[in-house]
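S.K.: sequence first, predicted coordinates after that:
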Amino acid sequence: MGIIKARYIAAALAFAGASAATAETLTVSGWYAAEERDASMLHVVAVDRFEGEDGPLLVSEIERQLRGAQDRDRTPYFEVKSRYAKTDGVVHGVVRTVVDNVKFTRVAKRCPNDIYSSKCKDKEKIKVDLRCIRRTVTVSANVQITRLSDDARIYSRNLPQRQESESCEGESRPSGLDSIIPPMVRKVADEFAKQITPFARTEKIRVRESRSGMSKADSNQMKSLITATKQSESAACAGWRDMEARGVTHPTLRFNLGLCAESAGELEKALDYYRPLAAESPNATDANDAITRIERRFAGEDDADARNKDPVKP
């Protein structure tokens, strides 16, 4: 056994004996392209009027969300101007709010002397029919973006929100619409802003743990290194690289090495591990998810470069 191998196996075994609160994961951080990439390339935007009773509220919420969107250097991502100013694109659309009340009857057990109370012994309770109302509030927004350079519609989506509540005789009344509708409109604006803004994300990605088909020695080492991720991701990755150097080619090892490369920002190297795994097992969700994750990071970098070269950036 080589000195390097022995060192990392010993480290992994030491970590395995320590208690830890985290799962067997590696940390992956990156800058990801927006879901709606064309819209994310705009620099200066205006929010035009939205048709509907709650249109002014949605305009205000969208403006607030877009002003709060940040680039990776924490500067504002969009410049939001008046709809009468010179801009790259205009957000507009329609929002409809519908409140639907449906009456129904519910059978409940209540006290004989007070059908609105259930504070009596169970054996004393009787079944009563309570008059109830089911209230459904729906906020349906169709949001669009028109790019002014070529008058192209680069974004068009329906962004619905729905909330349902029930109340019966003797129960507290449901919250008023004034406290229900604004948060729903705010969620529409939040969802819209997230779709058109690239973002930084740090997440814990679970390593593979299957050791089926490994030799006993390799299986024991893999088990120790998996546990080691709880305390030192770098030690676990070093141990997996040592296994690879010894000629171990198990799918679990290859995936975990891909995750090590992804965590280190070596994205092409990570794909060299992930792509063969996805080809060998098309249903390998973890490998396919990893490929999608990396492709979106590449797209994020491409979009950032293109947008920063745009001379109209404010």
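M.R.: Cool, got the structure.
S.K.: excluding its backbone neighbours, what's nearest residue 85?
M.R.: Using C-beta to C-beta, 6 or more residues apart in numbering and skipping the chain neighbours, the partner closest in space to residue 85 is residue 46 (6.3 Å). All C-beta atoms are positioned from the backbone trio N, CA, C, and that covers glycine.
S.K.: again with residue 77
M.R.: In space, residue 77 comes closest to residue 69 once its chain neighbours are excluded; the distance is 4.2 Å by C-beta to C-beta, 6+ apart.
S.K.: related to what we said a few turns ago, work out for me the element the residue nearest to residue 85 sits within.
M.R.: Remark: residue 46 resides in strand 44-51, with elements defined by DSSP states H and E.
S.K.: residue 293 now?
M.R.: Secondary-structure assignment from DSSP H and E places residue 293 in helix 285-309.
S.K.: which stretches of the stretch 151-300 of the chain form helices?
M.R.: Assigned helices in the stretch 151-300 of the chain, in chain order: 177-196, 216-228, 233-245, 251-263, 267-280, 285-309 (criterion: DSSP state H, counting those that start in this stretch).
S.K.: what's next to the first one, contact-wise?
M.R.: It refers to helix 177-196. By C-beta atoms under 8 Å, 6 or more residues apart in numbering, the surrounding residues in contact with helix 177-196 are 34-36, 39-40, 42, 54, 57-58, 61-62, 64-66, 68-69, 95, 97, 99, 137, 139, 141, 143, 145, 155, 157, 159, 161, 163.
S.K.: mind listing which of those are in helices?
M.R.: 39-40, 57-58, 61-62, 64-66, 68 (DSSP state H).
S.K.: now, among those residues, which is nearest to residue 253?
M.R.: Each of these was scored against residue 253 by C-beta to C-beta, and residue 40 proved nearest at 37.2 Å.
S.K.: nearest residue to that closest one other than its sequence neighbours?
M.R.: Setting aside the residues directly before and after it, residue 40 is nearest to residue 34 in space (C-beta to C-beta, 6+ apart), at 3.7 Å.
S.K.: distance check, the one you found against residue 89.
M.R.: Distance, residue 34 to residue 89, by C-beta to C-beta, to the nearest Å: 13 Å.
S.K.: ok, residue 172 next?
M.R.: 46 Å.
S.K.: which of those two has more neighbours?
M.R.: Using other C-beta atoms under 10 Å as the criterion, residue 172 and residue 89 rank with residue 89 on top: 23 against 6.
S.K.: can you report how many residues neighbour the residue nearest to that one when sequence neighbours are not counted?
M.R.: Sequence neighbours aside, residue 42 is the residue nearest to residue 89 in space, at 4.4 Å (criterion: C-beta to C-beta, 6+ apart). For residue 42, the tally of surrounding residues (other C-beta under 10 Å) stands at 26.
S.K.: pLDDT at residue 42, what is it?
M.R.: On the pLDDT scale, residue 42 is placed at 97.
S.K.: try residue 2
M.R.: 43.
S.K.: again, but for residue 174
M.R.: 81.
S.K.: from residue 159, how far out is the nearest residue to it once chain neighbours are set aside?
M.R.: Spatial nearest neighbour of residue 174, excluding adjacent residues (C-beta to C-beta, 6+ apart): residue 165 at 4.6 Å. When C-beta to C-beta is applied, the distance between residue 165 and residue 159 equals 21 Å.
S.K.: pick out whichever of these two has more residues nearby.
M.R.: In this view residue 165 and residue 159 are compared by other C-beta under 10 Å, and residue 159 has more residues nearby, 19 against 13.
S.K.: coming back round to it: I'd say the residue nearest to residue 77 and residue 200 touch.
M.R.: No - under the criterion of C-beta atoms under 8 Å, residue 69 lies out of contact with residue 200, with a separation of 11.8 Å.
S.K.: wait, what's in contact with residue 135?
M.R.: Taking C-beta under 8 Å, 6+ apart as the contact definition, residue 135 lies against 99-102, 164-167, 174.
S.K.: that one: which element?
M.R.: Assignment of secondary structure by DSSP H and E places residue 135 within strand 126-147.
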